[in-house]
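S.K.: Need coordinates for the below:
(one chain, ligands or ions: 3)
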Amino acid sequence: MVVIDLTAVTAAGFALRTLSRADTRAWIVLGLLLALALLFEEGATRTARLQRRISGQLKRNMDSVWTVAAAVALPTGHVVLMIFAVATYVYLRQQRAVGHVVYRLIYARSTLVLGALAANLAVDAIGPDWNGVGWALSGSVAVAIAIAVQTAINRGLITIALAVLGADRKALLGTRDDNLIELATLCLGGLVALAALHQPWLCVLVIAPMITLQRGALVRELETAAATDPKTGLLNAVAWEHVANRELARAQREKYDVAVLIIDIDRFKMVNDQYGHLVGDEVLRGVGRVLEDAVREYDSVGRFGGEEFVAVLPKAGDADALVVAERIRSRVHELRIAALIDGPAPEGAAEHALAVSIGVSCSRYDGIEVSDLLVAADSAMYRAKSGGRNRVVLAARGSGPSFAPTR
Ligand code: GH3
Ligand code: MG
Ligand code: MG
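M.R.: Residues are numbered from 1 along each chain as shown. Ligands and ions are numbered 1, 2, ... in the order given. Predicted coordinates for the structure are as follows:
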């Protein structure tokens, strides 16, 4: 990372030496782009803050609109000034308050500088005829190549750094939505570049689409937040029920079994009483992680409330469901409270084994509505409790109110 930073500083130093040779027009376009960048950042501050509150992180910003435009339409030194000015502004206005890791910020900007300067060099090398009339291609090709070069270098260097820092695959590739927004940002950058070359004042037209794009991204994050249990990151009860309904409907159409598990932590009140609620919360998170790891990829786990979790297992009959449930039970029982908490463990935590009682129901015998399966799994779970806890119990069939044969 230090090598990349130093390379970027050196390249920027060389680039800035071209400033004295620039004409007035370049300064005016730079001033205009900067003014628009700041105008957008001001307008977007509230959305960005909201976004941060929802997702808990500062999202990828939309600076690349300006970076691409500058790389294509401005001389080298001005590209560096543009990136530096926007970065400083964003830092003072937003990032400073979040307490970012400084070396990461610097690295991100270094990759931006290197990407933009390479894109700028590529455009110079192509030497497009910007005034070419009709269907002359060189200008369009230059813009496309500038976008490609900048993205490849910027993303490439960031991906390498993330990989070195041990980020997981999801963080490396980004979500589909994040990538779409990045693509849209780059496209807008290309159009702003052309406007900057031909009709600079028309660059103003990009502000409204940018703000709309950013708000669009917010909607998706709100959807995710509304479906997530904030404590464990699992689905919340409403979202889980939604998924379970969908799975059961599909199972009806395609004729396969669906199992439902209710998982209740044993003597959880004791954990709270003995170690405090904060430790209790860590235990909830830890058990949540175990659940996610222990189920199959296409199963969905939710937090039903308190210390109760639920899972829906498509294409699982009794036998499959019991295997998954038993895997959950044994893995939770291997957990120790001390291993789940940051910092010094309270006395006794190192030996304290956790346990869950699990009730299992299946659509083949217990009903095809989510509510039926939950009722059956719940009474099985209570039998697990009364049978001594730390065990898996299958719903009772053939007697009692939960019996509801479907096929
Ligand atoms: P059992 O083995 O019978 O299930 O006993 P239990 O103590 O687990 O069951 P009970 O329902 O009596 O207690 C559940 C406790 O879970 C009570 C409540 O304070 C605690 N709890 C519920 N939600 C949370 C939470 O979000 N965080 C923490 N720390 N505790 C919670
Ligand atoms: Mg309990
Ligand atoms: Mg309970």
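S.K.: Could you show which parts of this structure are in contact with ligand 3?
M.R.: Asp264, Glu308 (CB under 5 Å from the ion). C-beta: built from backbone N, CA, C; applies to glycine.
S.K.: Grab the longest helix from the chain for me.
M.R.: Counting residues, the longest helix found in the chain (DSSP state H) is helix 24-55.
S.K.: packing partners for that helix?
M.R.: The contact analysis (3 or more CB pairs under 8 Å, 6 or more residues apart in numbering; DSSP states H and E) places helix 24-55 against helix 64-73, helix 76-90, helix 176-198, helix 207-227.
S.K.: Out of those, which is closest to ligand 2?
M.R.: Nearest of the helices and strands packed on helix 24-55 to ligand 2, taken as CB to the ion: helix 207-227 at 24.2 Å.
S.K.: Distance from the helix or strand just after that closest one to the middle of the chain?
M.R.: As assigned by DSSP states H and E, the chain's next helix or strand after helix 207-227 is helix 237-254. Relative to the centre of its chain, helix 237-254 is centred 24 Å away, using CA atoms, centre = their mean, to the nearest Å.
S.K.: Quick one: mean pLDDT for the helix or strand just after helix 237-254?
M.R.: With elements assigned by DSSP H and E, the helix or strand that comes after helix 237-254 is strand 258-265. Strand 258-265 shows a mean pLDDT of 98.
S.K.: ditto for stretch 193-213
M.R.: The average of the pLDDT scores along stretch 193-213 is 93.
S.K.: and that stretch, how far out from the chain's middle?
M.R.: In terms of CA atoms, centre = their mean, the centre of stretch 193-213 is found 29 Å from the chain centre.
S.K.: List the buried residues for the longest helix of the chain?
M.R.: 26, 29-30, 32-34, 36-38, 40-41, 44, 48, 51, 54 (16 or more other CB atoms under 10 Å).
S.K.: Format the helices and strands packed on helix 24-55 as TSV; extra columns: distance to Asp281.
M.R.: Below are these laid out as TSV (distance: least, CB to CB, whole Å):
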stretch	distance to Asp281
helix 64-73	39
helix 76-90	34
helix 176-198	29
helix 207-227	19
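S.K.: so of those helices, which one's packed in deepest?
M.R.: For these, the largest average neighbour count (mean count of other CB atoms under 10 Å) is found in helix 64-73, namely a mean of 28.
S.K.: Against which helices or strands is it packed?
M.R.: On a contact count with 3+ CB pairs under 8 Å, 6+ apart, helix 64-73 meets helix 24-55, helix 76-90, helix 102-126, helix 138-164, helix 176-198.
S.K.: In TSV: those, plus distance to ligand 2.
M.R.: Converted to TSV, the helices and strands packed on helix 64-73 look like this (distance: least, CB to the ion, whole Å):
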stretch	distance to ligand 2
helix 24-55	30
helix 76-90	47
helix 102-126	41
helix 138-164	39
helix 176-198	37
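S.K.: ok, Arg391 touching Ile358?
M.R.: Yes - under the criterion of CB atoms under 8 Å, Arg391 makes contact with Ile358 at 7.5 Å.
S.K.: Look at these two and report which has more neighbours.
M.R.: Ile358 (27 against 18; other CB atoms under 10 Å).
S.K.: where does that one land in three-state SS?
M.R.: Under DSSP: H, G, I helix; E, B strand; the rest coil, Ile358 falls in the strand class.
S.K.: Check Asp342 too.
M.R.: coil.
S.K.: Contact partners for it?
M.R.: Taking CB atoms under 8 Å, 6 or more residues apart in numbering, we find Asp342 in contact with Glu282.
S.K.: Number the residues from 43 up from this point.
M.R.: Understood, numbering begins at 43; the last thing we discussed is Asp384.
S.K.: quick one: the nearest residue to Leu58 once chain neighbours are set aside from Ser106, how far?
M.R.: Leaving aside its chain neighbours, Leu58 sits nearest to Gly119 (4.8 Å; criterion: CB to CB, 6 or more residues apart in numbering). Counting by CB to CB, to the nearest Å, the gap from Gly119 to Ser106 is 19 Å.
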